[in-house]
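Trainee: Sequence and predicted structure below; questions after.
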Amino acid sequence: MNWKEHGIKIVRAGTFDSNTPQTAGMTREAAITHARTGATKLWAGTVVVQPDAKTGPHHHGELETVLYIVRGRARMRWGDSLEFSDEAGPGDFIYVPPYVPHQEINAGADEVCEAVVVRSGQDPIVVNLDLATPEPASAGVESRPFHPDRATTNQEHR
């Protein structure tokens, strides 16, 4: 076996691939993929979630997902009605089993949440669900209107 060619692969910081499915308020970058390293059973990368950003309810099919929180606080909602909720901070791991309806939320209003993500497969499976949630999807603080409401602006200038 040619171990130099088929052995350890190091993917350097700053060389991750952002050509991966994106969600408003979140930036995903792939590090370990079949194309980049030859991996066949794992996908790994990073996600940066903007302050106060929230995904819509979804699941990842048969994939298992692990998140390792590097910075900030992540809140996860899960269950048939997203009735369960818990938070994780730096150094915590989150495990998401296959087919579990869930919602990812940056619990911080003023700080990004950064995590390492590992999935049990290469396919970017996201099944969006039509579920009511107490925390509707949002791209976060940056999604606030750039221009204030005209009525508000007029009142402020009086």
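Mentor: Received, thanks.
Trainee: T27 contacts S18, doesn't it?
Mentor: Yes - here T27 reaches S18: they are 6.8 Å apart, a contact under C-beta atoms under 8 Å. The way it works is simple: take the backbone N, C-alpha and C, and place the C-beta from them, glycine included.
Trainee: Same drill for these two, tell me which one is more crowded.
Mentor: Ranked by neighbour count (other C-beta atoms under 10 Å), T27 and S18 place T27 first, with 15 against 11.
Trainee: For that one, which non-adjacent residue is spatially closest?
Mentor: Excluding the flanking residues, the one nearest T27 by C-beta to C-beta, 6 or more residues apart in numbering is V48, at 4.7 Å.
Trainee: just checking, the one you found is part of a helix?
Mentor: No - checked against DSSP: H, G, I helix; E, B strand; the rest coil, V48 lies outside a helix; its state is strand.
Trainee: can you give me the strands for the protein?
Mentor: 26-32, 43-49, 58-59, 65-71, 74-78, 84-88, 93-96, 102-106, 113-119, 127-128 (DSSP state E).
Trainee: Can you say which of the ones you listed is packed in most?
Mentor: strand 102-106 (a mean of 24; mean count of other C-beta atoms under 10 Å).
Trainee: Thanks a lot, see you next time.
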